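S.K.: sequence and predicted structure are below.
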Amino acid sequence: MSTHRKIPSWGKLQGWFVEKLMYNQGGISPLGNSNLFNNQIPDKGIVQKQDYQSFLEAASRTMIRFKKPEHLIKMIVKTIDEQLMVTHTAVLLYKEEKKSYILIDSKGTTGLKIPIGFVRLNVDNPLIRIFSEKNSFFISETGILNYNDIICGLRNRNILELQPDLYDNLLAIKKQMDLLKSVLCIPCYFKRDLLGILVLGEKINGENFSREEMGFFVTLANDAAMAIANAQLIENLQQRVEEIKELYVKEHRIFIHTAIALAAAIDARDPYTHGHTERVTNYCLAIAKELDGVPEVSQYKNFRETLQISALLHDVGKIGIPDYLLSKNGRLTPEEFEEIKKHSVIGATILNPIKELSDVAKEVRHHQECFDGSGYPNGLKGNDIPLIARIIAVADAFDAMTTTRSYRKKRTIEETLQELKSKSGTQFDPIIVSAFLLAFQKGNILNNHK
Amino acid sequence: MRKILVVDDEHDICDFVGAFFKERGFQVFAALNADEALLITKKERPDLILLDIKMKGMDGLAALKHIRELDRSIKIIMVTALEDQDKMHEAYKLGAVDYITKPLVLDYLEEIVGKNLKAV
């Protein structure tokens, strides 16, 4: 054992590491506590080896739970720096946007610590290529690049004489390691991709790294790679979700605008009903505001949206009604009225093939039903009529009464409110009429009324 | 012995670049701000200055102007972040000979300094 500096026993180091992981960085140790490592561990022999194994397993499971791989990398750099007594430690990670490996964390003695963010290695750097191409026999079976091995290679006469290309490559690698003052480089792979490298200076006491220490580095590097890959995967996924969300919002906007355009086209056919759809939609939304907390509302997947689209499209079936009927002056004959009544069914038929609008189609179909069962097309009663259809019924009636139609003059607001109240419970759902009156009192109806 | 002055408001960078060139046989001075850089320039007359563009207080471009007023023979290489590259046009007008972007490639740092000193 070295006389200058006592390297902490593995047991102690492992315990310390798990503790740091648990308390500093929000990691959760699968072991629950680190007592396992604080117990007396024999210095040598099989027990220690097993424990070493279990530490690595525990550490790797802990690492995967790191939300931010930078925390893990900082932790690794800190651990190596504080516990293994090296002159300096650095981690370079591949950054897609810079197409190179950037130094993202480092520690070390003054002048040797490579400043964070200061250095990059390009993908064609010999030090990167030796790892990314994975074909050099100068990398040990552990995957570590050792400065000593490069020096040995350069001293080998056979290489100099028989493989001048390899010799040049070794020189280039030596130069890169000299620039970084590194004696060990440990790659971080995920699958076949080189995500980064861990760069280590020499040990302060000048000793060589032990086999065990190198094994430890490799495990740390592999786990770090796993954590980085996980984090990147999650980031990509989140990005994708954002993209899809944006796309959805955009498509949705297009859809709403299409519905509005369609509604405007229906309105335009009848000069008397100009602006009708827009007003009805606004009344519906004002009524809906007063219905917050009504249990039926929560039965809709997206109540407000279904309401808005249903209101916009409630008269879409008028497309199938002849012009002369829509704009007829004077009262309709019973046959003509029967024809007009078809518009709610036609509307539902138009919308039904659109899978996303099956809810809307149902509301459109029933918006002319009456609360007492006297409406059409199905004569549904009470709560059998879908909620949105009941809302549209009130809003639709209010607008019809307060605007001039081909067959009659408009009524005053007071008359109309009286009419709504008197038909509450027969034509209209009393709850919706109350909600409407509340919205009216608050001024949310007339500010929409042009 | 060739003299190099490293000007950067980050301690780590001064230390690292300082050690880096000391090891390569240069006499190195370091300044953490423009005022310090001007004092050292007056006193030591370095052959080459590595000057960070973005610094607290007087920035690299202002420092460049003052150094050029002091001594037009000093080679000045600007050290910039990628996003400050547009300032290089002005730096060239003020007399900088070259620039290097952070994060940098160490071989290139060695090379650019060597190249500019050879021409002295």
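M.R.: Thanks, I have the structure now.
S.K.: quickly find the element holding the closest residue to residue A:126 other than its chain neighbours.
M.R.: Nearest residue to residue A:126, sequence neighbours excluded (Cβ to Cβ, 6 or more residues apart in numbering or on different chains): residue A:172, at 4.0 Å. Placement of C-beta: from N, CA and C, glycine included. Assigned by DSSP states H and E, residue A:172 belongs to helix A:164-180.
S.K.: so where's chain B uncertain?
M.R.: B:119-120 (pLDDT under 70).
S.K.: please report the distance of the residue nearest the centre of it from residue A:120.
M.R.: For chain B, residue B:50 is the residue whose C-alpha lies nearest the centre (Cα atoms, centre = their mean; 1.3 Å). For residue B:50, the distance to residue A:120 equals 17 Å [Cβ to Cβ, to the nearest Å].
S.K.: swap in residue A:311?
M.R.: 58 Å.
S.K.: give me the more crowded residue out of these two.
M.R.: residue A:311 (31 against 21; other Cβ atoms under 10 Å in any protein chain shown).
S.K.: show the contacting residues for that one.
M.R.: Contact analysis of residue A:311 by Cβ atoms under 8 Å, 6 or more residues apart in numbering or on different chains lists A:277, A:280, A:281, A:284, A:285, A:388, A:391, A:392, A:395.
S.K.: run the last query once more with 10 Å
M.R.: Counting by Cβ atoms under 10 Å, 6 or more residues apart in numbering or on different chains, residue A:311 touches A:259, A:263, A:277-285, A:287-288, A:360, A:363-364, A:367, A:388, A:391-392, A:395-396.
S.K.: what do you get for residue A:350?
M.R.: A:262, A:313, A:316, A:317, A:319, A:320, A:357, A:361, A:364.
S.K.: select only the buried ones of those in ChimeraX?
M.R.: Applying 16 or more other Cβ atoms under 10 Å in any protein chain shown to the contacts of residue A:350, the buried members can be selected in ChimeraX as follows:
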select /A:262,313,316,317,357,361,364
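S.K.: using JSON lines, please lay out the contacts of residue A:350 together with pLDDT and distance to chain B.
M.R.: Below are the contacts of residue A:350 laid out as JSON lines (pLDDT from 0 to 100; distance: Cβ to the nearest Cβ, whole Å):
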{"residue": "A:262", "pLDDT": "86", "distance to chain B": "48"}
{"residue": "A:313", "pLDDT": "94", "distance to chain B": "50"}
{"residue": "A:316", "pLDDT": "92", "distance to chain B": "53"}
{"residue": "A:317", "pLDDT": "92", "distance to chain B": "59"}
{"residue": "A:319", "pLDDT": "87", "distance to chain B": "57"}
{"residue": "A:320", "pLDDT": "87", "distance to chain B": "61"}
{"residue": "A:357", "pLDDT": "87", "distance to chain B": "49"}
{"residue": "A:361", "pLDDT": "95", "distance to chain B": "54"}
{"residue": "A:364", "pLDDT": "97", "distance to chain B": "55"}
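S.K.: restricted to helices, list the contacts of residue A:350.
M.R.: Residues of these located in helices (DSSP state H): A:262, A:313, A:361, A:364.
S.K.: least trustworthy helix or strand in chain A by mean pLDDT?
M.R.: helix A:35-38 (a mean of 38; mean pLDDT, DSSP states H and E).
S.K.: longest strand anywhere in chain B?
M.R.: For chain B, the strand reaching the highest residue count under DSSP state E is reported as strand B:75-81.
S.K.: can you name every helix or strand that it contacts?
M.R.: strand B:3-7, strand B:48-52, helix B:60-70, helix B:88-94, strand B:98-102, helix B:106-118 (3 or more Cβ pairs under 10 Å, 6 or more residues apart in numbering or on different chains; DSSP states H and E).
S.K.: how far away from the center of its chain is the particular helix or strand that has residue A:265 in it?
M.R.: For residue A:265, the element it lies in under DSSP H and E is helix A:211-269. A distance of 5 Å separates the centroid of the chain from that of helix A:211-269, by Cα atoms, centre = their mean, to the nearest Å.
S.K.: now the following helix or strand past that helix and helix A:211-269, what's the angle there?
M.R.: Moving toward the C-terminus from helix A:211-269, the next helix or strand (DSSP H and E) is helix A:276-289. Using axes from the mean of the first three to the mean of the last three Cα atoms, to 10 degrees, the inter-axis angle of helix A:276-289 relative to helix A:211-269 is 130 degrees.
S.K.: list the buried ones in helix A:276-289?
M.R.: A:276-288.
S.K.: pLDDT (mean, whole number) over it?
M.R.: Regarding helix A:276-289, the rounded mean pLDDT is 94.
S.K.: okay, now the closest residue to residue A:300 other than its chain neighbours: neighbour count?
M.R.: In space, residue A:300 comes closest to residue A:306 once its chain neighbours are excluded; the distance is 5.4 Å by Cβ to Cβ, 6+ apart. When neighbours are counted by other Cβ under 10 Å, residue A:306 registers 19.
S.K.: element containing residue A:306?
M.R.: Assessed by DSSP H and E, residue A:306 sits inside helix A:303-313.
S.K.: any idea which helix or strand comes after that helix?
M.R.: By DSSP H and E, the next helix or strand past helix A:303-313 is helix A:323-326.
S.K.: how about the CA coordinates for that next one, as PDB?
M.R.: Coordinates of each C-alpha in helix A:323-326 appear next as PDB, following Å, rounded to 0.1, in the frame of the first residue of the first chain:
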ATOM      1  CA  ASP A 323     -84.400  28.400 -51.000                       C
ATOM      2  CA  TYR A 324     -88.000  29.400 -51.600                       C
ATOM      3  CA  LEU A 325     -89.000  27.900 -48.200                       C
ATOM      4  CA  LEU A 326     -86.200  29.600 -46.300                       C
END
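S.K.: one step back: which one, of the helices and strands packed on strand B:75-81, ends up nearest to residue A:147?
M.R.: Proximity of the helices and strands packed on strand B:75-81 to residue A:147 was assessed by Cβ to Cβ; the nearest stretch is helix B:106-118, lying at 16.0 Å.
S.K.: which other helices and strands contact that closest one?
M.R.: strand A:120-122, helix A:164-180, strand B:3-7, helix B:11-23, strand B:48-52, strand B:75-81, strand B:98-102.
S.K.: C-alpha coordinates for the very next helix or strand once past the shortest one, PDB please?
M.R.: If you walk from strand A:120-122 toward the C-terminus, the next helix or strand you reach (DSSP H and E) is helix A:126-132. Written as PDB, here are the backbone C-alpha positions of helix A:126-132 (Å, rounded to 0.1, in the frame of the first residue of the first chain):
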ATOM      1  CA  PRO A 126      -8.300  11.100 -33.600                       C
ATOM      2  CA  LEU A 127      -9.300  10.700 -29.900                       C
ATOM      3  CA  ILE A 128     -13.000  10.600 -30.900                       C
ATOM      4  CA  ARG A 129     -12.400   8.300 -33.900                       C
ATOM      5  CA  ILE A 130     -10.500   5.700 -32.000                       C
ATOM      6  CA  PHE A 131     -13.700   5.200 -30.000                       C
ATOM      7  CA  SER A 132     -16.400   5.800 -32.600                       C
END
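S.K.: coming back round to it: what residues sit buried inside the helix holding residue A:172?
M.R.: For helix A:164-180, a neighbour-count test (16+ other Cβ under 10 Å) marks A:166, A:167, A:169, A:170, A:172, A:173, A:174, A:176, A:177, A:179, A:180 as buried.
S.K.: same check on stretch A:333-347?
M.R.: Neighbour counts over stretch A:333-347 (16+ other Cβ under 10 Å) mark A:340, A:342, A:343, A:344, A:345, A:346, A:347 as buried.
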